[in-house]
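Colleague: the sequence and its predicted three-dimensional model are supplied below.
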Amino acid sequence: MSFSAKAATHLGYYVYALVDPRDNQIFYVGKASANNRAFDHLKARKEEGEKQRRIAAIRDEDLEPEVQILRYGLKSEQACLDVEAPIIDTIGLENLTNKVRGHGIERGRQTAKEIERLHGSADVELSTYQGALMLFFINRTYSPTKTEQEIYDCTRQYWHRVAKKTRKPGADGKLRYPTALAVVDSVVVRAYSIAAWFPAGATFTSRGIFSPSDRWEFVGQLLTDHPLAGRRLKRKGKDILATQQGYRYVN
């Protein structure tokens, strides 16, 4: 199925969902603009992601995912983003095959505890901290509705081009950067020790099978008493911002 040109024009900017007919549950939320993007997911694809596996499982039972329109006639792409993000947050990223929470998550679903942590946290100037750290920016994959295992997994996986000198212990048998901080909107939401690095997909994960080239993951332990946990990170008085590669080194 696809929309006719007339129907697509009438839709304008819209937000849609893919629904599993076996339980009538939404498993993917997306946005589009006067086109058939909602149906593109149902075409044969080479990649093997969680969404495609869900579609394949539905078809194995001689059924077909249903496309539902959640909101249409929106005035702009930004309006779509403002609708899409809270829907994803309401359902919970962990209950969807979407890979990220969506845009505008800094204003999205949070517990009262999370709001206080993100917006009431005490500032700390990183230049005053002496230890070696890796900061992992998980803004797009973090959700307060995730389990501890899921938060751990989205912190430790799947990082691109982690240098060999970072992954391999030195002559003293220790890693150069032994501590990982999970950072959301400049606030440290979790801290972990790093025990070892592995190729992506080599260890147990809650995120599904994933083994691209030149990506890496670590294993470690939660540090409940790390001094930076729950603090807002600053550098020269400004919030620490996410990097394009998703992580950065300190000291």
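Modeller: It's in. Numbering: from 1, shown residues only.
Colleague: using the three-state scheme, assign residue 8.
Modeller: Applying DSSP: H, G, I helix; E, B strand; the rest coil to residue 8 yields a three-state assignment of helix.
Colleague: state the distance from the closest residue to residue 186 other than its chain neighbours to residue 99.
Modeller: Nearest non-adjacent residue to residue 186, counting by CB to CB, 6 or more residues apart in numbering: residue 239, 3.9 Å away. C-beta: built from backbone N, CA, C; applies to glycine. Residue 239 sits 25 Å away from residue 99, taking CB to CB, to the nearest Å as the criterion.
Colleague: one more: residue 122?
Modeller: 32 Å.
Colleague: more neighbours: the two, which one.
Modeller: Using other CB atoms under 10 Å, the more surrounded residue of residue 122 and residue 99 is residue 99, with 12 against 7.
Colleague: now that one: how far from residue 93?
Modeller: From residue 99 across to residue 93, the span is 9 Å (CB to CB).
Colleague: so what sits against both of the two?
Modeller: residue 141 (CB atoms under 8 Å, 6 or more residues apart in numbering).
Colleague: could you pick out the longest helix of the protein?
Modeller: Counting residues, the longest helix in the chain under DSSP state H turns out to be helix 77-91.
Colleague: please state the offset of that helix from the chain centre?
Modeller: On the basis of CA atoms, centre = their mean, to the nearest Å, helix 77-91 is displaced by 15 Å from the centre of the chain it belongs to.
Colleague: for the record, mean pLDDT for it?
Modeller: Averaged over helix 77-91, pLDDT sits at 88.
Colleague: send me the longest strand belonging to the chain as PDB with only the CA atoms.
Modeller: Assignment by DSSP state E gives strand 187-199 as the longest strand of the chain. As requested, the backbone C-alpha atoms of strand 187-199 are provided in PDB (Å, rounded to 0.1, in the frame of the first residue of the first chain):
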ATOM      1  CA  VAL A 187      25.200  16.000  33.800                       C
ATOM      2  CA  VAL A 188      26.900  12.700  34.800                       C
ATOM      3  CA  VAL A 189      24.100  10.200  35.200                       C
ATOM      4  CA  ARG A 190      26.200   7.100  35.700                       C
ATOM      5  CA  ALA A 191      29.900   6.300  36.400                       C
ATOM      6  CA  TYR A 192      31.600   3.000  35.500                       C
ATOM      7  CA  SER A 193      35.000   1.500  35.900                       C
ATOM      8  CA  ILE A 194      36.400   0.100  32.600                       C
ATOM      9  CA  ALA A 195      37.800  -3.400  32.900                       C
ATOM     10  CA  ALA A 196      38.500  -4.200  29.200                       C
ATOM     11  CA  TRP A 197      37.600  -3.300  25.700                       C
ATOM     12  CA  PHE A 198      36.200  -5.700  23.000                       C
ATOM     13  CA  PRO A 199      35.100  -5.500  19.400                       C
END
